[in-house]
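[1] take a look and give me a structure for this.
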Amino acid sequence: VQLQAFGGGLVQPGDSLRLSCAASGSGFIINDMGWYRQPPGKQRELVARVSSGGTTHYGDSVQALSIVSWDNAKNTVLLQMSSLKPQDTAVYYCNARWRYYGHTYELESWGQGTLVTVSS
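    As a prediction, the model looks like this:
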């Protein structure tokens, strides 16, 4: 499974931003998808995940108001962030945990990362 992320860029404090990530490939089933981020000089951390059943989980350190959703038909995960703060500046990475049809072993894929800079 390959992941392609879209969105990101320079925004001002208080702005909103939407990130999207599309999964492509064949013969797979996605168990869940999500977003992580890596602020400058810090470790990668969870922003939000959503399961195939719609269960969501958000990271404790996310400053912005975030809503994660998944378009199952398009194998795309969306992250809507509002009230962005400078502390939300980071490279945002898309992640998917998936398996091949007829198999139970779970695999993991990462997107290439997209930079979000929150600055006035």
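[2] can you get me a residue count around the closest residue to residue 65 other than its chain neighbours?
    In this structure, residue 65 finds its nearest non-sequential neighbour in residue 82, 4.6 Å apart by CB to CB, 6 or more residues apart in numbering. No exception for glycine: its C-beta is placed from N, CA and C like everyone else's. By the measure other CB atoms under 10 Å, the count of residues near residue 82 is 13.
[3] show me what contacts residue 82?
    15-16, 64-66 (CB atoms under 8 Å, 6 or more residues apart in numbering).
[4] redo that, cut-off 10 Å
    With contacts defined as CB atoms under 10 Å, 6 or more residues apart in numbering, residue 82 is in contact with 14-18, 64-67.
[5] kindly report the same for residue 24.
    1-4, 75.
[6] just the buried subset of these, written out for ChimeraX, thanks.
    Of those, the buried ones go into a single ChimeraX selection, burial set by 16 or more other CB atoms under 10 Å:
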select :1,3,75
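[7] residue ranges of the strands in the chain, please?
    2-6, 9-11, 17-24, 28-38, 45-51, 56-58, 65-71, 76-82, 90-100, 107-110, 114-118 (DSSP state E).
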